[in-house]
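Sequence and predicted model, in that order:
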Amino acid sequence: MGKKIALVLLVALLALLAGAWFFYHNLHRARFRPAPVTQRYPEALPNSSSPRAAVPPGAPSAVSPNAGKEPVTSLLPAFTPRPGESLEFAANVPKLNSTIANLKLLVGEKNAFGGKNAWHFQAFAHTENPYRMIFELDDQFDSYSDPASNMTSLQYEMHLSERGQKVDSVQRMLPSSKDPAPPDAAAARVLPGTRDPLGMLQYLRGVDWSKTPEVHSQVYDGRKLYDVRAALAARSVSVSVPAGNFNASKVEIHVLDNGVEMKDAHFLLYLANNAARTPVLVEAVLPIATARVELTKAN
C-alpha cells in the first residue's frame with residue numbers, strides 16, 4: 001500500500017484516521033492514483049489457501065489473507081447512531097501549525113436497502129488554502145451499513161475529485177459467491193462480516209470498552225481488504241480540542257496487510273465517554289510526526 005494509495009485512505013481507517021496519513025504521503029510526495037471505477041470482481045472467492053489466486057492482474061483484492069483463520073468479532077452495540085448527527089473535524093500536522101483539510105461526518109436516516117434496513121453514513125473531505133493550491137481535493141464517501149449485523153457493509157461509494165481528476169465508484173458488498181452482481185453497481189466479493197471505513201467507525205463507537213478490551217474486524221476500503229485490530233489503551237483520558245474538553249476512552253488501532261502490520265498506519269482514536277461515544281480526536285503516528293484530526297463542531 002504505502003506510497004501508492006490516495007485519498008481512499010482518508011476514510012480507509014474510520015474516515016478520520018487515514019486523513020493524516022494521506023496528507024502526509026500526498027502533500028509531501030505529490031503522488032496520486034485514482035480509485036478503480038466500478039470494476040467487476042471475480043464471481044467466486046478464491047481458495048483460502050491461496051487467497052489472491054483468482055484475482056485478475058490489476059484488479060483490487062477484497063480477500064483477506066486470514067480467510068478461514070480468524071472470525072470477525074461480533075458484539076452487541078452499546079449505542080445507536082443518531083439520525084442527523086453532524087461532526088466536523090480539522091486535520092493538521094502540528095509542525096505545520098495550520099489546518100490542512102476540513103472533514104465532515106454525517107449520519108442519515110435508516111431506510112430499506114436491498115431487502116434490509118441500513119444506516120446511511122457519509123464523509124466529506126476538502127483541502128484548505130494554502131494546501132489547496134498544492135493538492136485540490138473535494139471527496140465524498142457513502143456507506144450503507146446493516147445495524148442487524150453490527151454495521152457490516154452493504155454498499156460503499158467513493159465520489160472523488162482530486163487535482164482535476166474525478167472518479168465515481170459504487171460497490172455492492174457480496175459475502176456469498178452465489179449472490180449475482182447488481183446491474184447498478186460493481187460486485188465487491190468480500191468475506192462475511194466485512195465493514196467499510198464509515199461502518200467501522202460506528203461499530204467502534206458501539207463497543208463497550210469497559211467489557212471488551214480488544215476487537216478484530218476486516219475492513220474493505222474500496223480497493224482491498226485489511227485486518228484491523230483495535231484495543232483499549234486507556235479508559236479515561238482528558239482531551240482538549242476546538243469543540244471543547246472531553247473525558248475519553250483511548251483506543252489504539254493497528255492495520256495489517258497480508259498479515260503484516262503497516263508501519264504508516266498506527267492510529268489512536270479518542271471516543272468521548274458520553275452517551276453518543278463521540279469521536280473527538282484521532283492521532284496518526286507517522287514516521288516524522290504525529291498528525292491530529294480534531295473535532296471542531298458537533299450537532
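Sure thing, it's come through. Numbers count the residues shown, from 1 in each chain.

Look up how far Leu160 lies from the residue sitting nearest the centre point of the chain.
Averaging the C-alpha coordinates of the chain gives a centre point, and the residue nearest to it by Cα atoms, centre = their mean is Pro197 (2.3 Å). Distance, Pro197 to Leu160, using Cβ to Cβ, to the nearest Å: 14 Å. Glycine gets a C-beta too; all of them are placed from N, C-alpha and C.

For the strand or helix carrying Met158, name the packing helices and strands.
Assigned by DSSP states H and E, Met158 belongs to strand 152-162. The helices and strands touching strand 152-162, judged by 3 or more Cβ pairs under 8 Å, 6 or more residues apart in numbering; DSSP states H and E, are strand 116-127, strand 138-146, strand 165-174, helix 197-206.

Average pLDDT for it, rounded please.
Summarised as a single mean, pLDDT over strand 152-162 is 91.

what do you get for stretch 87-96?
Stretch 87-96 comes out at a mean pLDDT of 84.

What of stretch 209-228?
90.

per-residue pLDDT, the nearest residue to Glu85 once chain neighbours are set aside?
Nearest non-adjacent residue to Glu85, counting by Cβ to Cβ, 6 or more residues apart in numbering: Val107, 4.1 Å away. At Val107, the model reports a pLDDT of 96.

my guess is Val107 is in a helix, correct?
No. Counting by DSSP: H, G, I helix; E, B strand; the rest coil, Val107 is not part of a helix but strand.

what are the bridge partners for it, then?
Going by DSSP bridges, Val107 is paired in beta bridges with Phe121.

go on, the one 5 residues further on?
The residues listed as beta-bridge partners of Ala112 by DSSP bridges are Asn117.

Just want to check the distance between it and Pro130.
Counting by Cβ to Cβ, the gap from Ala112 to Pro130 is 45 Å.

ok, back up a step: for the residue nearest to Glu85, give me its contacts.
Pro81, Arg82, Pro83, Gly84, Glu85, Ser86, Trp119, His120, Phe121 (Cβ atoms under 8 Å, 6 or more residues apart in numbering).

Quick check: closest non-adjacent residue to the first one.
Excluding its sequence neighbours, the residue lying closest to Pro81 (Cβ to Cβ, 6+ apart) is Val107, at 4.7 Å.

Distance check, the one you found against Ala91.
Where Ala91 is concerned, Val107 sits at a distance of 20 Å (Cβ to Cβ).

Neighbours of Val282, how many?
As a burial measure, Val282 scores 28 neighbours (other Cβ atoms under 10 Å).

Next one, pLDDT for it please.
Looking at Val282, the pLDDT reads 90.

For beta bridges, what are the partners of it?
Leu269, Val293.
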